[in-house]
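Novice: this one's structure only:
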Ligand SMILES: NC(=O)c1ccc[n+]([C@@H]2O[C@H](COP(=O)([O-])OP(=O)(O)OC[C@H]3O[C@@H](n4cnc5c(N)ncnc54)[C@H](OP(=O)(O)O)[C@@H]3O)[C@@H](O)[C@H]2O)c1
């Protein structure tokens, strides 16, 4: 079996300097007439796929949103769609492989909304390669996007989250792991390893924040019908995959729980995935 082409090389995008999309956001904020929120969420990789579904669900639940992504036009279109649905949204172009970009992203969210109740560390990439063919640049990119960025975003956000948790006891960090982090599939060894690290980091986060009103949950899905799984959609039709809205529903469920309940991990399998493919 050939190594899955989880991600084709994308053209480089210069988003190492995060910047609010001034004009569009000015228009959005004009449309909503305010920039103060009762609840606010930051979703990395909110420009498509799972991140967009979560952003929409949080927005519909009354959260003011900051969404980020690398590709400006894609991000703009998504932000426009959400704004047209009467959601409060700010879009910030940021390549999360840059530490400074993540620091500035969180700072921009704080400047815009003044608080953070839900951090969704969702941006992620997967590159399938056989063991003997793993290129260091692909290894580094997966580590940088899937793990390093999530650690830095959490570091930068934790004070605001603690404050929100102290207020209402229901601040939340959601980290997108993967079933690959539990099942360690072949040809996705690096991707699986980054996601296993996300699961471990999320457990540490949950323990370290215990009693602060901030919970941390890692969500570990099998195939979800997004751009990321296009490589597999010839074999498994998108409608037979988990839907991005299912993951949004899981986040919504977490937010409905009482402050005394924490869920460290949610594994989401495809309903028809048997033991031979271990839920993927
Ligand atoms: N789809 C699945 O089957 C599946 C299963 C398990 C876990 N997951 C995890 O779920 C998360 C979302 O996946 P998805 O399926 O929704 O993927 P997707 O459709 O490919 O979307 C990925 C998002 O991450 C952003 N992103 C990627 N690299 C970035 C970077 N360097 N800086 C900033 N943003 C970046 C993308 O923005 P740009 O397009 O602008 O780069 C996009 O918004 C990932 O962490 C993934 O590993 C997915």
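Specialist: Perfect, thanks for sending it. Quick caveat, the model's predicted, so the values are computed rather than measured.

Novice: CA atoms for contacts and neighbours, from now on please.
Specialist: Noted.

Novice: now the helices for the stretch 151-280 of the chain?
Specialist: 180-183, 189-208, 244-256 (DSSP state H, counting those that start in this stretch).

Novice: nearest to residue 155, of those helices?
Specialist: helix 189-208 (10.3 Å; C-alpha to C-alpha).

Novice: mind listing what's buried in the closest one?
Specialist: 189-199, 201-203, 205-206 (16 or more other C-alpha atoms under 10 Å).

Novice: for it, name the packing helices and strands.
Specialist: helix 136-143, strand 171-176, helix 180-183, strand 214-221 (3 or more C-alpha pairs under 8 Å, 6 or more residues apart in numbering; DSSP states H and E).

Novice: in the first one, what's buried?
Specialist: So that's helix 136-143. 138-139, 141-143.

Novice: what do you get for stretch 78-87?
Specialist: Buried residues in stretch 78-87 (16+ other C-alpha under 10 Å): 78-80, 82-83, 87.

Novice: reformat these as TSV; add distance to the ligand and pLDDT.
Specialist: Converted to TSV, those look like this (distance: C-alpha to the nearest ligand atom, whole Å; pLDDT from 0 to 100):
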residue	distance to the ligand	pLDDT
78	10	98
79	12	98
80	15	98
82	14	98
83	17	98
87	18	98
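
Novice: mind checking which of the residues you listed land in helices?
Specialist: 78-80, 82-83 (DSSP state H).

Novice: farthest pair in the residues you listed?
Specialist: The widest separation within those (C-alpha to C-alpha) is 8.6 Å, between 78 and 83.

Novice: for the stretch 51-200 of the chain, what lies in contact range of the ligand?
Specialist: Applying C-alpha under 6 Å from any ligand atom, one finds that the stretch 51-200 of the chain approaches the ligand through 51, 69-71, 94-97, 122-125, 145, 176-178.

Novice: for the stretch 151-280 of the chain, which spans come out with low pLDDT?
Specialist: Within the stretch 151-280 of the chain, no range satisfies pLDDT under 70.

Novice: try 90 this time
Specialist: The stretch 151-280 of the chain contains residues with pLDDT under 90 at 273-280.

Novice: what's near enough to touch the residue found closest to residue 195 once you drop the neighbours it is linked to in the chain?
Specialist: Spatially, and ignoring its direct neighbours in sequence, residue 195 is nearest to residue 181 (4.5 Å; C-alpha to C-alpha, 6 or more residues apart in numbering). Residue 181 is in contact with 191-197, 199, 220, counting by C-alpha atoms under 8 Å, 6 or more residues apart in numbering.

Novice: so which residue is dead centre in this protein?
Specialist: Nearest residue to the geometric centre of the chain (C-alpha atoms, centre = their mean): residue 122, 1.2 Å.
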